[in-house]
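J.: sequence and computational prediction follow.
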Amino acid sequence: MKRLIILVLFFFLTRLIVAAQSNARIDSLKHQLSIAKNDTSRILLMGYLCNAYKTYDFDSVTVWGKRALALAQKIGDAKSEIRVLYSWQNALENHGDIPESLELNFKAMKIAEEKHYAIETALVLSNIGTDYWDLQDYAKAITYFKRALRANEGTPNTFESKFVHINSLLTIGDAYSQMNRLDSAFFFVNKVYKETLNDDYHPAVLLYLGDVLFKMGEREKAFAYLRESVMLTEKNKDDYDGADACKTIARFFKETNQPDSAIFYAKKGLAHAQAIGFRMDILINSKILASEYEHKDVNQALYYYKLAMATNDEMFGAKKVKELQRILSEEQQRQRKLELDRIAREGRLKQYVFSAGLAILLLIVFLLYRHSKQRKKANEILEATLANLKATQAQLIHSEKMASLGELTAGIAHEIQNPLNFVNNFSEVSIELLQELKEEAEAGNKEDVMAIAGDLTENLDKIHRHGQRAGDIVKGMLQHSQATGNVKEETDINKLAGDCLNLAVNNLKVKDKDFDARLITHFDTTRPKLLAISQELSRVMLNLFNNAFYAVNQKAKTSGSDYKPEVAVTTLVNDGKVQVIIRDNGIGIPDSIKDKIMQPFFTTKPTSEGTGLGLSLSYDIVVKGYGGSISVDTKEGEYTEFIISFPKV
């Protein structure tokens, strides 16, 4: 019984200690640790120390986490090991270190599942769901929270069991809200609201319920619930829920154009978040303040913008993303290994025989391949050298042509990513719904079966629509880029110019996600047509658009905040000719090299960024292929304008 009480207190105090970050608290814990009489108490106190350090002191968090974990492993106490990992990840998750938090959670889940610890498994699954919620992968978050609820079924009615139940239902509701499935969101959040009246969880439930009601259009009720949540968190001196409540109500005041109130609550939310090192709310409140101060106080706006950017980099920078990918890959490999182990147990002998046979076959193939490769190696080297010398110039020209295909490919990838994301997300949710449908059907719950079937129908309809959208994008791009030999077809110059503009800007955003420019189009209302091979004209326009975006991007790096990059495209019929005019307000072209820009291999870009063939090939296509012309008007440091003229159809 004594051991059970210690374990329950360990979990319960994990959250409370976050609000007690002070040197006095740390000194007190260290003193208690120095006089502790058994290893279980020492593990418990070191777990507290994990959560007691002030904002961003991750070195201390790591030190105490490692010490507690090592001691738990030394005495062979698996449950204490899980609780140490839980306490350690809780400190990291609260401070926004999601990759590290996920890694510790996956380690804890592995132990809990191997030992068949029900409540510990439920707790860890709930935490993993929270991590995925922080990563905005709401479909996967819902999957883990539902797994946590199933693992929690039948466990004793303890504080931990109640925490899993409430946290899972509440965050499932919020995840549905973020996915704009408001009816489902209200169902889960309202269920928790009814269960937690006059409860310690009540302030948190109020802010989630207010969030859903605001999105459903019941703004008066939403503000009432949120104000009550803010009042209760202030009364309870709860920085954790206070940060969330103030952030949410500040966002609503921003959306309802009440800037003073938005600033007031965002500042309170930021103060709460900074007090506990809660990075997610530091990021969101900083963004709100930067936006609201943009038209009030530029210095304040810049201050909060820098704070938001620094916090965002700490949470989601390249290093964090790489670490997250590694952790998810390792967990995926672990899950795959578990599945392979299960298969191996069912047919181990057959697998061994097959593996041995495959290994022998691969060895024979390898030996044959190596023998053949050695015989041909000398001749291949000589032939390759001669071929490379002859093909160098041809390859350079070909690579420039293929660059256009690369631009198209990048553009297609960017355009198609959004509908594919929808298809993936709704597919994952539908799989979960099918499992629920089976369970409800077996239980004979007809109403629930029909409700779930309705959700499935809705999901499948959305999958169909977004899949159709992706198909339309691919079909359009293939029609746009498919080979047509030398056959010229009637081509809508407005549509071609618009497509190429979008592809060029999407491709640049893939390479530089911070790039932004104003796109301006002035298309002739008569929709002029040309007899043309569309992929040839696409190559010309993509090259000119890429040069324009490069010019404004270079200027943006050296100009002040007053500079606004702009790229414009105009189509018109003038003097019996169809013209396409591409203009940018970038770095311009010096007069000294203006006459050289269309010469082969002449470029002003760094060696790794340009070959000098783009304008040369574009000139050949327009002038030699269509009897048209290309002219340029430019002023160094101010603008560049290319005018392409074609004979009218």
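T.: On my side now, so go ahead. Numbering: from 1, shown residues only.
J.: find the nearest non-adjacent residue to residue 427, please.
T.: Leaving out its chain neighbours, the residue that sits closest to residue 427 by C-beta to C-beta, 6 or more residues apart in numbering is residue 463, at 6.2 Å. (Each C-beta comes from the backbone N, C-alpha and C, glycine too.)
J.: wait, doesn't that neighbour sit right on residue 425?
T.: No. Using C-beta atoms under 8 Å, residue 463 is not in contact with residue 425; the gap is 9.4 Å.
J.: sorry, back to before: measure the residue nearest to residue 427 to residue 39 for me?
T.: According to C-beta to C-beta, to the nearest Å, residue 463 and residue 39 sit 53 Å apart.
J.: also residue 252?
T.: Counting by C-beta to C-beta, the gap from residue 252 to residue 39 is 50 Å.
J.: swap in residue 359?
T.: Where residue 39 is concerned, residue 359 sits at a distance of 47 Å (C-beta to C-beta).
J.: what do you get for residue 187?
T.: If you go by C-beta to C-beta, the gap between residue 187 and residue 39 works out to 46 Å.
J.: give me the more crowded residue out of residue 252 and residue 39.
T.: residue 252 (20 against 14; other C-beta atoms under 10 Å).
J.: tell me the pLDDT of that one.
T.: In the prediction, the pLDDT value recorded for residue 252 is 85.
J.: which residue, other than its chain neighbours, is closest to it?
T.: Leaving aside its sequence neighbours, residue 252 is closest to residue 214 (5.4 Å, by C-beta to C-beta, 6+ apart).
J.: how about the helices in the stretch 251-400 of the chain?
T.: All helices of the stretch 251-400 of the chain, identified by DSSP state H, counting those that start in this stretch, fall at 259-276, 279-293, 298-316, 318-346, 348-443.
J.: nope, the stretch 451-600 of the chain is what I meant
T.: Using DSSP H, counting those that start in this stretch, helices in the stretch 451-600 of the chain cover 493-511, 534-558.
J.: counting by contacts, list what the last one packs against.
T.: Read it as helix 534-558. helix 348-443, helix 446-481, strand 489-492, helix 493-511, strand 566-574, strand 577-584, helix 614-619, strand 639-647 (3 or more C-beta pairs under 8 Å, 6 or more residues apart in numbering; DSSP states H and E).
J.: want to throw these into JSON lines with distance to residue 291?
T.: Listed next are the helices and strands packed on helix 534-558 as JSON lines, based on distance: least, C-beta to C-beta, whole Å:
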{"stretch": "helix 348-443", "distance to residue 291": "24"}
{"stretch": "helix 446-481", "distance to residue 291": "30"}
{"stretch": "strand 489-492", "distance to residue 291": "40"}
{"stretch": "helix 493-511", "distance to residue 291": "22"}
{"stretch": "strand 566-574", "distance to residue 291": "23"}
{"stretch": "strand 577-584", "distance to residue 291": "28"}
{"stretch": "helix 614-619", "distance to residue 291": "39"}
{"stretch": "strand 639-647", "distance to residue 291": "31"}
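J.: thinking residue 437 is in contact with residue 454, fair?
T.: No. Taking contacts as C-beta under 8 Å, residue 437 lies outside contact range of residue 454: 10.7 Å.
J.: so for these two, which residue has more residues nearby?
T.: residue 437 (19 against 11).
J.: ok, and the closest non-adjacent residue to that one?
T.: residue 452 (4.7 Å).
J.: and that neighbour, what does it touch?
T.: 433, 436, 437, 440 (C-beta atoms under 8 Å, 6 or more residues apart in numbering).
J.: now do the same contact list for the last one.
T.: Contact analysis of residue 440 by C-beta under 8 Å, 6+ apart lists 448, 449, 452.
J.: burial check on the second one, number of neighbours?
T.: This points to residue 449. For residue 449, using other C-beta under 10 Å, the count is 18.
J.: that one and residue 437 touch, don't they?
T.: Yes. Counting by C-beta under 8 Å, residue 437 is a contact partner of residue 449 at 6.1 Å.
J.: what's the least confident stretch among the helices of the stretch 251-400 of the chain?
T.: helix 318-346 (a mean of 66).
J.: quick check: which ranges of the stretch 1-150 of the chain have low pLDDT?
T.: The model of the stretch 1-150 of the chain has pLDDT under 70 over residues 1-25, 48, 50-59, 94-96.
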